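Visitor: Provided below are the primary sequence and the corresponding predicted coordinates.
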Amino acid sequence: MNIEIKDVSETRKSLVVTLDQAEVAAEHQAVIGEISKQARLPGFRPGKAPAAMIIKRYGKEIGEEFKQKVLAKAYRGGLEKSKLEALNITDVQEGEISADKAATVTITLDVRPTFTLPDYAGLATEIQPVDVTDAEVEKVIEGLRAERADFKVAERPSAKGDYVKIAYEGTIDGKSILEIAPEKQIYAKVPQTWEEVDGENEGLIPGLGKQLAGLSKGDKKDVTVTFPADFAAVPALSGKTAVYAVEILEIRERVLPAMDEAFFKANQADNLEGLKTNVSNNLKGRKEYENRQAQRRQVAEALNAKVEFSVPESLVESETQQVLRQFIEENMRRGVPAEQFEKDKAALHESASKAARTRVKTQLLLAKIAEQEKITVNERDIDTFIYRESVMNNQKPEKLVKELTKDREKLRSIQQSIIFDKALDLLVSKATVTTASAKA
């Protein structure tokens with residue numbers, strides 16, 4: 001076997017492997033022998049039929065298996081002799097493969113880049129204070145009450161926090177919005193819907209709820225609304241100013257539940273002090289989790305900034321598709337139409353590619369740290385992953401285990417993800433930590 005390595009780029013190599021005629025013929029004979037052992041030909045016991053009859057009867061199967069054997073031998077032998085650390089095969093040019101000739105196979109593959117790990121101990125991180133204020137606790141408790149609130153008809157002008165039943169019809173420059181965005185009638189004309197008056201969360205139509213205070217049942221009002229320049233829900237309305245003719249059909253006021261035994265019990269507490277303690281502990285736990293996630297991001301960014309190297313394009317391409325899928329799925333759940341993605345295809349791909357390149361670089365760095373620190377995946381790690389995924393997806397653990405047993409590639413991906421997580425946790429454990437000043 002003879003090999004030649006050609007550089008396509010820093011991380012892409014072309015491996016030209018030549019097998020001499022004797023090696024190729026040996027593979028051909030090996031395939032004939034394997035098939036002969038299993039062949040059933042009249043008048044001959046398995047393995048005893050003449051080679052010529054085997055070739056005549058199973059010529060197609062022999063040819064296909066022979067070709068795969070030669071390619072596999074070229075790949076394995078080429079990697080072993082070249083000492084290349086292959087990540088992905090991007091192309092295979094096999095040339096002519098015949099038992100009576102030498103064979104040349106050209107394999108183009110992406111290899112793990114060579115770089116020196118920077119010092120990763122003491123990376124700087126900043127966390128936020130985890131102390132919980134009385135005001136934060138009170139806000140959560142009010143939110144819990146709001147979730148269980150009743151809404152009673154109010155015979156008075158609308159006020160902040162009320163819900164009003166309204167009918168509306170929108171126009172832009174005198175033209176019905178239904179003509180501008182016919183597939184989005186809910187933004188054009190609705191006989192009745194509910195809107196919170198001056199609520200903290202933006203309603204369907206931006207700014208509409210902010211202009212409904214002080215109105216009584218039966219009142220009519222023209223409300224002017226300017227859609228954001230990047231209004232993804234209905235791109236045709238982006239940046240446009242609309243006038244909505246609104247009629248108040250009903251007003252309901254929010255009546256919060258009493259802070260009594262039933263309310264405390266519903267929130268897993270015996271009394272107000274117990275509820276405050278639970279809320280405070282939950283808030284502190286959430287802040288600690290957010291700090292941990294922030295530290296993981298910070299150490300990854302700091303590590304990335306310490307070293308430069310080229311990353312394999314095949315990994316970037318694969319990661320780009322993953323980033324795009326996640327982005328599209330998240331935005332489709334928010335109601336962004338599919339045609340909008342096609343319209344912004346070039347910009348989305350560029351943004352996803354940039355994010356993917358950073359991710360791949362981070363993963364390569366973490367993989368090398370894991371190797372240096374001898375980080376491995378054990379059975380407990382897999383069990384923890386299975387339990388967490390089962391709870392999140394409301395799935396039986398046994399079913400997930402069965403799926404992973406069948407899908408080895410998915411299992412390998414999970415193991416790699418666990419390695420990355422453990423490496424990040426190691427960096428966080430070695431990081432320097434400063435706490436930001438509490439906001440006034």
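Guide: Yep, that arrived. In this text the structure is predicted, and so the values were computed from the model without any measurement. Numbering: from 1, shown residues only.
Visitor: can you list the domains in this protein?
Guide: Domain assignment for the chain by automatic domain parsing gives 2-111, 150-255, 270-435.
Visitor: The longest one: end-to-end distance?
Guide: Just to be clear, that refers to domain 270-435. Taking CA to CA, to the nearest Å, the first and last residues of domain 270-435 lie 35 Å apart.
Visitor: okay, now the closest residue to Q340 other than its chain neighbours: neighbour count?
Guide: Leaving aside its sequence neighbours, Q340 sits nearest to P235 (CB to CB, 6 or more residues apart in numbering; 5.5 Å). Placement of C-beta: from N, CA and C, glycine included. Close neighbours of P235, defined as other CB atoms under 10 Å, add up to 17.
Visitor: What is the burial count for A347?
Guide: A347 has 9 nearby residues by other CB under 10 Å.
Visitor: now the strands: where do they sit in the stretch 201-350 of the chain?
Guide: Secondary structure of the stretch 201-350 of the chain (DSSP state E, counting those that start in this stretch): strands at 220-226, 241-255.
Visitor: Using CSV, write down the CA coordinates of the first one.
Guide: The C-alpha atoms that make up strand 220-226 are tabulated as CSV, following Å, rounded to 0.1, in the frame of the first residue of the first chain:
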residue,chain,number,x,y,z
LYS,A,220,-65.9,53.9,20.6
LYS,A,221,-62.4,55.1,20.0
ASP,A,222,-59.9,55.4,17.1
VAL,A,223,-56.5,54.0,18.3
THR,A,224,-53.3,54.7,16.4
VAL,A,225,-50.7,51.9,16.4
THR,A,226,-47.3,51.8,14.8
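Visitor: Remind me what it packs against, helices and strands.
Guide: Applying 3 or more CB pairs under 8 Å, 6 or more residues apart in numbering; DSSP states H and E, we find strand 220-226 packed against strand 241-255.
Visitor: quick one: the strand it packs on to chain centroid distance?
Guide: Put simply, strand 241-255 sits 39 Å off its chain's centre (CA atoms, centre = their mean, to the nearest Å).
Visitor: circling back to that earlier point, of all the strands of the stretch 201-350 of the chain, which one comes closest to D150?
Guide: Across the strands of the stretch 201-350 of the chain, D150 has its closest neighbour in strand 241-255 (4.6 Å, CB to CB).
Visitor: In terms of pLDDT, where does A135 sit?
Guide: According to the prediction, A135 has pLDDT 96.
Visitor: Mind listing residues that contact the stretch of helix or strand it belongs to?
Guide: Counting by DSSP states H and E, the element that carries A135 is helix 134-147. Applying CB atoms under 8 Å, 6 or more residues apart in numbering, the external contacts of helix 134-147 come out as R254, L256, P257, M259, F263, N267, L275, K276, V279, S280, N282, L283.
Visitor: and the following helix or strand past that helix, which strands flank it?
Guide: Reading on from helix 134-147 to the C-terminus, the next helix or strand found by DSSP H and E is strand 150-153. Strand 150-153 pairs in its sheet with strand 241-255 (antiparallel), by DSSP bridges.
Visitor: Kindly export the strand it pairs with (C-alpha atoms) in PDB.
Guide: Only the C-alpha atoms of strand 241-255 are listed here, as PDB (Å, rounded to 0.1, in the frame of the first residue of the first chain):
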ATOM      1  CA  THR A 241     -49.000  53.000  11.200                       C
ATOM      2  CA  ALA A 242     -52.500  51.700  11.500                       C
ATOM      3  CA  VAL A 243     -55.700  53.200  12.900                       C
ATOM      4  CA  TYR A 244     -58.000  50.800  14.800                       C
ATOM      5  CA  ALA A 245     -61.700  51.600  15.300                       C
ATOM      6  CA  VAL A 246     -62.300  50.100  18.700                       C
ATOM      7  CA  GLU A 247     -65.600  49.500  20.500                       C
ATOM      8  CA  ILE A 248     -65.800  48.500  24.200                       C
ATOM      9  CA  LEU A 249     -68.200  45.500  24.600                       C
ATOM     10  CA  GLU A 250     -67.600  44.600  28.200                       C
ATOM     11  CA  ILE A 251     -65.200  45.400  31.200                       C
ATOM     12  CA  ARG A 252     -64.100  42.800  33.700                       C
ATOM     13  CA  GLU A 253     -62.000  43.600  36.800                       C
ATOM     14  CA  ARG A 254     -59.400  41.300  38.200                       C
ATOM     15  CA  VAL A 255     -60.400  40.100  41.700                       C
END
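Visitor: buried set for it?
Guide: Using 16 or more other CB atoms under 10 Å as the test for burial, strand 241-255 gives A242, V243, Y244, V246, E247, I248, I251, R252, E253, R254.
Visitor: for stretch 218-227, same thing?
Guide: V223, V225, F227.
Visitor: pLDDT added to the contacts of helix 134-147, as CSV?
Guide: Converted to CSV, the contacts of helix 134-147 look like this (pLDDT from 0 to 100):
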residue, pLDDT
R254, 91
L256, 93
P257, 94
M259, 94
F263, 95
N267, 94
L275, 96
K276, 97
V279, 97
S280, 97
N282, 97
L283, 97
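Visitor: What is the nearest of the residues you listed to A121?
Guide: For the contacts of helix 134-147, the nearest to A121 is L283 (32.0 Å; CB to CB).
Visitor: A49: which of the strands of the stretch 201-350 of the chain is closest?
Guide: strand 241-255 (83.3 Å).
Visitor: give me the low-pLDDT residue ranges for the stretch 1-150 of the chain?
Guide: 43, 45-47 (pLDDT under 70).
Visitor: neighbours of L275, just the number please.
Guide: Going by other CB under 10 Å, the residues that sit close to L275 add up to 20.
Visitor: just to revisit the earlier point, could you export the buried residues of strand 241-255 as JSON lines, including distance to T90?
Guide: JSON lines is the format used below for these (distance: CB to CB, whole Å):
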{"residue": "A242", "distance to T90": "51"}
{"residue": "V243", "distance to T90": "57"}
{"residue": "Y244", "distance to T90": "55"}
{"residue": "V246", "distance to T90": "59"}
{"residue": "E247", "distance to T90": "63"}
{"residue": "I248", "distance to T90": "64"}
{"residue": "I251", "distance to T90": "65"}
{"residue": "R252", "distance to T90": "63"}
{"residue": "E253", "distance to T90": "65"}
{"residue": "R254", "distance to T90": "61"}
